[in-house]
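Visitor: Just need the structure, nothing else, for what follows:
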Amino acid sequence: MPTTTDDVRPDPATEAFVAHRNLLFTVAYEMLGSAADAEDALQETWLRWADVDLDTVRDQRAYLVRITTRQALTRMRTLKRRKESYVGPWLPEPLLTAPDVADDVALADSISMAMLLVLETLTPTERAVFVLREVFDLSYDEIAEAVDKSPAAVRQIAHRARAHVAERRPRDVVSSAETRGALAAFQRAIQTGDLQSLLDVLAPDVVALTDGGGVRQAQLQPIMGATNVAGFFASTAVRSGADLSLEAAQVNGSPALIVRLGGEIEGVVAMRIESGLVTGLYVVRNPEKLSRLTWETAVTR
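Guide: Residues are numbered from 1 along each chain as shown. Now for the predicted structure:
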């Protein structure tokens, strides 16, 4: 009987890689903050995985995560050099994500703009250990193999990274409903030009970071304080005029705004919310970082 296309199954290596691909992408993305670099790390992972004798692999998931972690650590060095010469603030590459990502609170928090920026303050090894332990719940032995350290050393690194992150992450667990409420108030204030309403939703010590990558206009330094931040967004809205539209979307597991000018994506605005007020605003305008806003990226753990 002739073999049809439907009868042809991929080889076991391909099947395993495809089955875990979304997980591997999420691991690489959380380590790198860049979808483009995460995809490159996955390409390198596949090339190495294709040469592995599967009969020697006890746990395919753990083995693939180990390869991906090592490739991401290698790419971190290249990314570090790019960041050092980057024009203005560097922000993670935003991802349009499915609404159900928010249901996994730990996953949504781990890929949020605010958390990815906190992870930027860790060393590469600390970041890898924190992500693999706190987000993906790998054992210390598994992490030790991935980062070429002893399990005892990994325990110490994990403790240090956990304390470092705890000092810098938002203290409150903010629900999606609370974030959507703050986002809607922010959106209304921008669209109506109501400066007082905008000030009402901002914390006094709010900080806004704008990433244009030297390609689009952006502030080269953080914008500090509610008055300055409100003035920046209000003046930007006035300059853009009727061509400006704001669209609520799920970005990096949290409610955010996609900014369009004349119907074309111009940027994205993500938020950090604490005690019901906006304490951080992250505006990505670099066009090289906006391609993942046109379709949903699958993330999982």
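Visitor: quick one, helices of the stretch 51-200 of the chain?
Guide: Remark: helices assigned in the stretch 51-200 of the chain by DSSP state H, counting those that start in this stretch are 60-84, 105-110, 113-119, 124-130, 140-147, 151-168, 176-192, 195-201.
Visitor: oh sorry, the question was meant for the stretch 201-301 of the chain
Guide: Under DSSP H, counting those that start in this stretch, the stretch 201-301 of the chain gives helices at 226-240.
Visitor: Pick out the residue nearest the middle of this protein.
Guide: With distances taken as CA atoms, centre = their mean, the residue of the chain nearest its centroid is I111 (4.2 Å).
Visitor: which stretch among the helices of the stretch 51-200 of the chain comes nearest P222?
Guide: helix 113-119 (11.4 Å; CB to CB). For glycine as for every other residue, the C-beta is placed from the backbone atoms N, C-alpha and C.
Visitor: Please save the CA atoms from the closest one in CSV.
Guide: C-alpha atoms of helix 113-119 as CSV (Å, rounded to 0.1, in the frame of the first residue of the first chain):
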residue,chain,number,x,y,z
MET,A,113,8.7,43.3,31.6
ALA,A,114,9.3,44.3,35.2
MET,A,115,10.7,40.8,36.1
LEU,A,116,12.9,40.5,33.0
LEU,A,117,14.5,43.9,33.9
VAL,A,118,15.1,42.6,37.4
LEU,A,119,16.7,39.5,35.9
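Visitor: Other residues contacting that helix?
Guide: The contact list for helix 113-119 (CB atoms under 8 Å, 6 or more residues apart in numbering) reads 30-31, 33, 91-92, 94, 109, 127, 130-131, 165, 168-170, 251-252, 254, 270, 272, 280, 282.
Visitor: change it to 7 Å
Guide: 33, 91-92, 109, 127, 165, 168-170, 252, 270, 272, 280, 282 (CB atoms under 7 Å, 6 or more residues apart in numbering).
Visitor: Check stretch 219-239 too.
Guide: With contacts defined as CB under 7 Å, 6+ apart, stretch 219-239 is touched by 88-89, 190, 193, 195, 198-199, 202-210, 244, 281.
Visitor: got it, and stretch 48-68?
Guide: In contact with stretch 48-68 (CB under 7 Å, 6+ apart) are residues 12-13, 16-17, 20, 24, 27-28, 41-42, 45, 138, 142, 145-146.
Visitor: do that again at 10 Å, thanks
Guide: 11-17, 19-21, 23-28, 31, 38, 41-42, 44-47, 70-71, 132, 136, 138-139, 141-147 (CB atoms under 10 Å, 6 or more residues apart in numbering).
Visitor: Direction-wise, compare the lowest-mean-pLDDT helix or strand in the chain with helix 226-240 and give the angle.
Guide: In the chain, no helix or strand scores lower on mean pLDDT, DSSP states H and E than helix 176-192, which sits at a mean of 88. Note on geometry: by axes from the mean of the first three to the mean of the last three CA atoms, to 10 degrees, helix 176-192 and helix 226-240 are set 60 degrees apart in direction.
Visitor: in helix 176-192, what counts as buried?
Guide: Neighbour-count burial for helix 176-192 flags 176, 179-180, 182-183, 185-187, 189-190 (criterion: 16 or more other CB atoms under 10 Å).
Visitor: what's the answer for stretch 228-244, then?
Guide: Those would be 228-230, 232-234, 237, 240, 244, for stretch 228-244 by 16+ other CB under 10 Å.
Visitor: likewise stretch 130-138?
Guide: Here stretch 130-138 shows 130-136, 138 as buried, counting by 16+ other CB under 10 Å.
Visitor: What's the mean pLDDT across it?
Guide: The pLDDT scores in stretch 130-138 average 96.
Visitor: Alpha carbons of it, in CSV - could you do that?
Guide: What follows is stretch 130-138, C-alpha atoms only, in CSV (Å, rounded to 0.1, in the frame of the first residue of the first chain):
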residue,chain,number,x,y,z
PHE,A,130,17.1,31.4,39.1
VAL,A,131,15.1,30.8,36.0
LEU,A,132,15.6,27.0,36.0
ARG,A,133,14.9,26.6,39.7
GLU,A,134,12.2,29.2,40.4
VAL,A,135,10.2,29.1,37.1
PHE,A,136,10.8,25.6,35.7
ASP,A,137,11.4,23.8,39.0
LEU,A,138,14.4,21.8,37.9
